[in-house]
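In: next come a sequence and a model predicted from it.
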Amino acid sequence: MVAVLLALASLVAGSIIAFGGPRRIAWRIETRVVQPTTPPSPAATRAERWRQDLDYLERNLVRLHANAFHTTPRRELETEFAAARARVETAGDAELLLEVMRLVALVGDGHTTTWAFLDAFAPVALHVEPVGPAWTVTAAGEEHVDLLAGELLAIGTMGVEELVERLTPYVAADSEADRRRRIARLLVLPQALHALGLTDDKERAVVTVARRDGSSATATLDTDGTARLVHADAALLVSRDPHRSHWVVPLVERDAVYLRYRRARDRETFAAVAQEALALLDRSPHARLVVDLRGNGGGDSSVIGPLLRGLREREAGSRAYVLIDAGTYSSATMNARDLRDLGAVLVGEPTGDTPGGWGEVRTFTLPNSGIPVSVSSYFHGARGSRVVPDVSAEPSVRAWLEGTDPVLEAALRR
């Protein structure tokens, strides 16, 4: 068997490598990286350039993805691409960007996606997040702070649940919770809603919100970018220093150390932060460590290594409490599982995806529109279920407005 593997490795000009975290060792053959095809020279007309982009998208989804037909059969995907090509003469650029989103979402995994709509479409001064079953306002412009913690009921004449249903085909996701978080990003983009025929105005949104005092309010929100957003969670630790990937602070009165791990990147910076957190634990033998992974969309799963090693060496994994939610995704989900393997207690809500499944993202760019596309190039094995917390704790936007973080409090009370 070893001889066969070595021969195969030689054939593909690669090497056999081991990978995985604690208690997980897997083997695979690392081959030369497949590159996207050469982009064509731009065609003379707009319609032909869009057809070139759709051709390029279809070709490279199949070329770079580990299995682009794992959810949608090849013939069905080909039919959808053919129908999209037939619409380029009459569809506007905004409609065709959304069509690219829909085609990519047909592949059926959350790592295979495009986030181009975030740059292409201007948002109104409103943030909405799924909190429990409701679509809750978590940020609003200064003139509409009365909407904070309210429930979004409608945009224009369409109820929010119908909007969500109509937007679902355009969003790639790995779980229903993950899908709802991504749809929330589209709900505040009038141009996207207008291009799909869901609203009448591409420059503004008329929102209806059930305010926290029980009354109903209607507000017209513009996309001019002049409104300063007020965030409901602005006073919470989880939202401090939003431009930093990670940082640590001692909570002396609670006999705890809080480590915010927002993004799985910046390896050297995190190593220093982990060392600081471990040093604080060493000075306070009874203190607990709170590792906040909420909203961490992933990156490099190995960045957290210095913290894992430090906890393992100290046999201190059981002193760790890990905060998770549906925004804990990809490598951050793996990190949550690694910390649990060391004895940590997970607190919060289930993660946005499952360990394993599709990953190892590759990217390519459509040659004419410039739309970037991410593709899963590797299958890590059969999916299990999402990582669920040992201690369930739900966020409360009303509590945020009072300066309280129910999930963090649930960890500190343990």
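Out: Done, it's in.
In: the longest helix in the protein is where?
Out: helix 46-64 (DSSP state H).
In: put the alpha carbons of that helix into PDB.
Out: Provided in PDB are the C-alpha atoms of helix 46-64 (Å, rounded to 0.1, in the frame of the first residue of the first chain):
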ATOM      1  CA  ARG A  46     -21.600  44.200 -23.200                       C
ATOM      2  CA  ALA A  47     -23.800  41.100 -23.800                       C
ATOM      3  CA  GLU A  48     -20.900  39.100 -25.200                       C
ATOM      4  CA  ARG A  49     -18.600  40.100 -22.300                       C
ATOM      5  CA  TRP A  50     -21.200  38.900 -19.800                       C
ATOM      6  CA  ARG A  51     -21.500  35.600 -21.800                       C
ATOM      7  CA  GLN A  52     -17.700  35.300 -21.500                       C
ATOM      8  CA  ASP A  53     -17.900  35.800 -17.800                       C
ATOM      9  CA  LEU A  54     -20.600  33.200 -17.400                       C
ATOM     10  CA  ASP A  55     -18.500  30.700 -19.600                       C
ATOM     11  CA  TYR A  56     -15.500  31.500 -17.400                       C
ATOM     12  CA  LEU A  57     -17.500  31.000 -14.200                       C
ATOM     13  CA  GLU A  58     -18.900  27.700 -15.300                       C
ATOM     14  CA  ARG A  59     -15.600  26.300 -16.500                       C
ATOM     15  CA  ASN A  60     -13.600  27.300 -13.400                       C
ATOM     16  CA  LEU A  61     -16.200  26.200 -10.900                       C
ATOM     17  CA  VAL A  62     -15.900  22.700 -12.400                       C
ATOM     18  CA  ARG A  63     -12.200  23.000 -12.800                       C
ATOM     19  CA  LEU A  64     -11.300  24.200  -9.300                       C
END
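In: got the buried residues for the helix or strand just after it?
Out: Where DSSP states H and E defines the elements, the next helix or strand beyond helix 46-64 is helix 74-86. The neighbour-count criterion (16 or more other CB atoms under 10 Å) identifies 77, 80-81, 84-85 as the buried residues of helix 74-86. (C-beta placed from N, C-alpha, C; glycine too.)
In: output the contacting helices and strands for helix 74-86.
Out: Judged by 3 or more CB pairs under 8 Å, 6 or more residues apart in numbering; DSSP states H and E, helix 74-86 is in contact with helix 46-64, helix 93-105.
In: next, the angle from it to helix 46-64.
Out: 160 degrees (axes from the mean of the first three to the mean of the last three CA atoms, to 10 degrees).
In: please compute how far helix 74-86 lies from its chain's middle.
Out: 27 Å (CA atoms, centre = their mean, to the nearest Å).
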